[in-house]
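Participant: This is the structure alone, sequence omitted:
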């Protein structure tokens with residue numbers, strides 16, 4: 001036997017080895033076949049209780065009852081609440097009314113000062129002090145275009161107006177001049193010689209209504225400069241340069257003193273305060289105070305005296321028609 005002859009039982013490394021393990025595909029097919037042969041498990045039947053639908057319906061009804069209370073119960077609860085509130089409100093209002101009545105009775109029985117129970121007078125004085133402290137001669141009342149002015153301004157207040165008075169006989173008396181000068185008697189022409197100024201402002205009535213009015217006349221400040229008041233020590237005053245040295249007040253009256261007002265000097269010097277002789281570019285009518293009236297836009301209308309017949313300067317606060325009737329002497333707004 002030569003060397004090239006191979007023994008049939010020898011296996012060489014360079015030849016592929018045969019394996020006896022089954023092929024993967026064959027294993028999967030076998031497993032699938034076995035699975036097909038196994039019987040399928042039977043599903044256990046679910047037993048339904050016969051009363052389950054009834055229980056669900058009862059639960060839903062209970063939820064509806066919780067969500068929506070009975071209308072009769074709601075009405076009864078509301079009636080009880082209203083009854084409690086009504087009793088409480090009645091007791092509260094009764095207590096407040098009793099306290100107010102007792103408080104007013106206490107005020108009415110106090111001693112008087114200047115024609116008023118002292119608590120009211122002190123309140124008015126506190127208001128005056130407040131307004132004087134807040135006063136600023138640079139604060140102007142709002143102004144409006146001529147188109148906003150009332151075409152037919154309302155007439156309100158006729159105290160001191162005499163229908164039988166002769167307009168041609170009207171004159172203006174000026175008293176309290178510096179240096180103890182005798183009173184002056186002026187005519188409308190003397191006022192009209194001063195620069196003419198137009199002011200379109202709101203006239204506010206203390207009763208609560210207002211209207212826009214177109215006025216024209218002379219600034220009271222220009223009148224004071226032409227006919228200066230004295231200083232507080234009696235010397236010659238200079239309203240333009242030293243207004244703080246002037247006497248403190250100006251008084252104005254209608255002829256016959258049917259109506260009269262007092263004005264603090266600072267308000268008289270305000271640039272919008274006028275001695276007016278025109279309304280809507282026409283001479284004043286009798287109802288609006290012809291031939292000359294005062295216009296003070298920073299104060300209520302009760303201070304804008306009509307048909308001025310007398311002006312006087314003083315260091316003592318002048319009497320005021322409505323202040324004597326329990327209104328605020330200052331009457332600013």
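Facilitator: Structure's in. What do you need? If you're wondering where the values come from, they're calculated on a predicted model, not measured in any experiment.

Participant: give the contact list for residue 150.
Facilitator: 211, 212, 213 (CB atoms under 8 Å, 6 or more residues apart in numbering). In short, each C-beta sits where N, CA and C put it, glycine included.

Participant: Weed out the non-buried ones from those.
Facilitator: Among those, those classed as buried by 16 or more other CB atoms under 10 Å are 212, 213.

Participant: Nearest to residue 74 among the contacts of residue 150?
Facilitator: residue 211 (53.2 Å; CB to CB).

Participant: wait, what's in contact with the spatially closest residue to residue 110 that is not a sequence neighbour?
Facilitator: Counting by CB to CB, 6 or more residues apart in numbering, residue 117 is the residue found nearest to residue 110 once chain neighbours are left out, at 4.3 Å. Counting by CB under 8 Å, 6+ apart, residue 117 touches 107, 108, 109, 110, 111.

Participant: rerun that using 7 Å as the cut-off
Facilitator: Neighbouring residues of residue 117 by CB atoms under 7 Å, 6 or more residues apart in numbering: 107, 108, 110.

Participant: returning to that earlier point: what is the nearest of the contacts of residue 150 to residue 287?
Facilitator: Among the contacts of residue 150, and counting by CB to CB, the member closest to residue 287 is residue 213, at 12.9 Å.

Participant: For that closest one, list each beta-bridge partner.
Facilitator: residue 201 (DSSP bridges).

Participant: Assess the claim that it and residue 204 are in contact.
Facilitator: No - contact criterion CB atoms under 7 Å: residue 213 and residue 204 do not qualify, at 10.6 Å.

Participant: Output the contacts of residue 150 in JSON lines; the columns should cover distance to residue 318 and pLDDT.
Facilitator: JSON lines is the format used below for those (distance: CB to CB, whole Å; pLDDT from 0 to 100):
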{"residue": "211", "distance to residue 318": "28", "pLDDT": "97"}
{"residue": "212", "distance to residue 318": "29", "pLDDT": "98"}
{"residue": "213", "distance to residue 318": "25", "pLDDT": "98"}
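
Participant: want to try JSON lines for the contacts of residue 150, with distance to residue 267 as columns?
Facilitator: Below are these laid out as JSON lines (distance: CB to CB, whole Å):
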{"residue": "211", "distance to residue 267": "21"}
{"residue": "212", "distance to residue 267": "21"}
{"residue": "213", "distance to residue 267": "18"}
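
Participant: For residue 318, which residues are in contact?
Facilitator: 249, 251, 262.

Participant: now this structure, which segments are flagged as low pLDDT?
Facilitator: 1-69, 87-88, 90, 113-115, 124, 127-128, 131-137 (pLDDT under 70).

Participant: before we move on, the earlier item: is the residue nearest to residue 110 in a bridge, and if so with what?
Facilitator: residue 112.

Participant: where's it relative to residue 105, distance?
Facilitator: 11 Å (CB to CB, to the nearest Å).

Participant: Same check on residue 84?
Facilitator: Counting by CB to CB, the gap from residue 84 to residue 105 is 32 Å.

Participant: any idea how far the residue lying closest to residue 301 once chain neighbours are set aside lies from residue 219?
Facilitator: Counting by CB to CB, 6+ apart, residue 205 is the residue found nearest to residue 301 once chain neighbours are left out, at 4.8 Å. Distance of residue 205 to residue 219, given as CB to CB: 23 Å.

Participant: These two: who's more crowded?
Facilitator: residue 219 (21 against 15; other CB atoms under 10 Å).

Participant: just how off-centre is stretch 284-300 within its chain?
Facilitator: On the basis of CA atoms, centre = their mean, to the nearest Å, stretch 284-300 sits 29 Å off its chain's mean C-alpha point.

Participant: Give me the buried positions along it.
Facilitator: 284, 286, 288-300.

Participant: Return the subset of these lying in strands.
Facilitator: Here DSSP state E is the test, and the buried residues of stretch 284-300 give 293, 294, 295 as lying in strands.

Participant: Any chance of CSV for these, columns distance to residue 171?
Facilitator: Output for these, formatted as CSV (distance: CB to CB, whole Å):
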residue, distance to residue 171
293, 15
294, 16
295, 20
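
Participant: Just the closest of these to residue 316, please.
Facilitator: residue 294 (19.6 Å).

Participant: Test my guess that that closest one contacts residue 304.
Facilitator: Yes - between residue 294 and residue 304 a contact is recorded at 5.2 Å, counting by CB under 7 Å.

Participant: Please enumerate the shared neighbours of those two.
Facilitator: Common neighbours of residue 294 and residue 304 (CB under 7 Å, 6+ apart) do not exist.

Participant: Report how many residues lie close to residue 278.
Facilitator: 17.

Participant: so is it in a helix, a strand, or just coil?
Facilitator: Secondary structure state of residue 278, per DSSP: H, G, I helix; E, B strand; the rest coil, is strand.

Participant: who does it bridge with?
Facilitator: residue 216, residue 283.

Participant: OK, contacts around it?
Facilitator: So residue 278 contacts 215, 216, 217, 284 (CB under 7 Å, 6+ apart).

Participant: Please identify which of the residues you listed is nearest to residue 151.
Facilitator: residue 215 (14.5 Å).
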